[in-house]
Structure formats: structure tokens, C-alpha cells
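# predicted structure and sequence below. I'll ask about it afterward.
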Amino acid sequence: DTGVSQDPRHKITKRGQNVTFRCDPISEHNRLYWYRQTLGQGPEFLTYFQNEAQLEKSRLLSDRFSAERPKGSFSTLEIQRTEQGDSAMYLCASSLYLLNEQFFGPGTRLTVL
Amino acid sequence: AQTVTQSQPEMSVQEAETVTLSCTYDTSESDYYLFWYKQPPSRQMILVIRQEAYKQQNATENRFSVNFQKAAKSFSLKISDSQLGDAAMYFCAYRSNTGANSKLTFGKGITLSVRP
């Protein structure tokens, strides 16, 4: 197991386009988190899953954002009608149980032109 | 809501010297964890050290140790014998042990540079 992976690593898109990111957690990790990190800031929580259930969404996650985790394995984060303010690093993390360490992926850097 | 504050945006240390990174936090909870994460340039974030609020003893991991002052809500990281590979952004983070959401709340981070 090579850890949490994210794809793509970089994405450049034009304003108004839709984008989708993928996160593959460490196998058997039942918790999966999405965070957003803007330049010069720490990561901010967006949403998390326990298995396939999305249990909490931050108010940062507007209705243009949707996340899924079908079958409790990989997860996707989709942003519709992207805006320049969506430009950020999107980080995924996974953990085995509620209080275990979160392992982070390398992130997907989104640039909206 | 919990907040984490890292007021120093940048620090520099000479190789082999010791440096301390500061962090303060605010919470009304009594059961929580505190963490320091390292984010090297263009590489993924990794956990450096963790501290459970109920433990009096300060955590230590090799060259990394913390000074946890619960009453003052202070959680600093000391790096001894600094190495060039320690250069990175360091984030202080908080996690509640109450409830089902184990999300991390991060500070803004501090950029540490190590001078050879």
C-alpha cells in the first residue's frame, strides 16, 4: 500500500467549467476527509465520509460542490461552474477509525483562469 | 468553535541549532488532541507529533518535542539539532475527542528555513 493518492495532481480550467478530482484512500480506511488549502493558509475542512456515508459538510462547501464515496472506497469531489475563488489545493486524507491518525494525499492543485 | 493561531509566519534556524515554533488555540472542550504536521515543498503533509490533552507529560519523537501548557492553551514545537530536511511549512492542528467528527482544525502555518 503506497498511501493516499489523488488524481490529477494539477488541474487548470477556465471559469465556468466543471472539474472532478479523485482520491484513493489507504485500503481498509473507513474514514475519508476533504480539505481545501489556499495560498498562505492552513487546510480547511470541507467534508468527510465514514464508509459510503457523507456525515458532515462544512459551510465552505457551497451547492456547486458535491462529493461522493461510492462503495466506501475511492471518493470524488466535483466542482461545478468553477470560479476564480475556487483556486486552491484540495487535500484528501484517510484514517482507519474515528480517532486514528489522518494520512494525507499529495493534493490536487486547481487553478481557475 | 475551536481556533488555532500561529502568529509567526516565518522562522529561520542554523543547521544543528534548536528552534521553537509557537501555537496557541482556543476551545471550551477538555478532551482533545493537538498535532504538529509538516508539509515539505510540493510534498504531502505528514504527522510530526501528537499530544493528548489529558496527558500531563509532553510528547517527544526523536528530535521533536512539545511544550504543552493546557491552562495557557499553548502548544509549541521544539526541533533540536535542526537538519536541512526540516525545512518545510509546519502546521499546528486541533482535533476534538467529542462527537463523531474527527476533523482537524489547522493554524495558518509557519515556514521554517534551515541555514547550512
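Noted; the coordinates are in hand. Model, not experiment: these values are computed from the prediction. Residues are numbered from 1 along each chain as shown, chains lettered A, B, ... in the order given.

# contacts and neighbour counts: CA atoms only from here.
Fine.

# state the distance from B:Gln56 to B:Ala87.
Note on B:Gln56: its distance to B:Ala87, by Cα to Cα, to the nearest Å, is 29 Å.

# between the two, who's got more neighbours?
B:Ala87 (20 against 11; other Cα atoms under 10 Å in any protein chain shown).

# residues contacting the more buried one?
B:40, B:111-114 (Cα atoms under 8 Å, 6 or more residues apart in numbering or on different chains).

# in chain A, which residue is closest to the centre?
Centroid-nearest residue in chain A, with Cα atoms, centre = their mean: A:Trp34, separated by 3.6 Å.

# which one of the contacts of B:Ala87 is nearest A:Leu39?
Of all the contacts of B:Ala87, A:Leu39 sits closest to B:Thr111, with 12.4 Å by Cα to Cα.

# surely the closest one is in a strand?
Yes. Under DSSP: H, G, I helix; E, B strand; the rest coil, B:Thr111 falls within a strand.

# how far is the least confident helix or strand in chain B by mean pLDDT from where the chain is centred?
None of the helices or strands of chain B scores lower by mean pLDDT, DSSP states H and E than strand B:60-61, at a mean of 92. Its chain's average C-alpha position is 12 Å from that of strand B:60-61, according to Cα atoms, centre = their mean, to the nearest Å.

# direction included, what does it pair up with?
strand B:64-69 (antiparallel) (DSSP bridges).

# got a list of contacts for the strand it pairs with?
B:48-49, B:51, B:58-60, B:74-80.

# following it, which helix or strand shows up next?
Using DSSP states H and E, the next helix or strand after strand B:64-69 towards the C-terminus is strand B:74-79.

# who does that next one touch, helix- and strand-wise?
Counting contacts by 3 or more Cα pairs under 8 Å, 6 or more residues apart in numbering or on different chains; DSSP states H and E, strand B:74-79 packs against strand B:19-21, strand B:24-26, strand B:64-69.

# within its sheet, name the partner strands of the first one and how each one runs.
According to DSSP bridges, strand B:19-21 forms sheet pairs with strand B:74-79 (antiparallel).

# neighbouring contacts of the strand it pairs with?
With Cα under 8 Å, 6+ apart, strand B:74-79 has contacts from B:18-25, B:34, B:36, B:63-69.

# any quick PyMOL command for the buried ones out of those?
Those of these that count as buried under 16 or more other Cα atoms under 10 Å in any protein chain shown are selected in PyMOL with:
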select buried, chain B and resi 19+20+21+22+23+24+25+34+36+64+65+66+67+68
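
# so residue 19 bridges to which residues?
This is for chain A. Beta-bridge partners, per DSSP bridges, of A:Val19: A:Ile79.

# my bad, chain B
B:Ile79.
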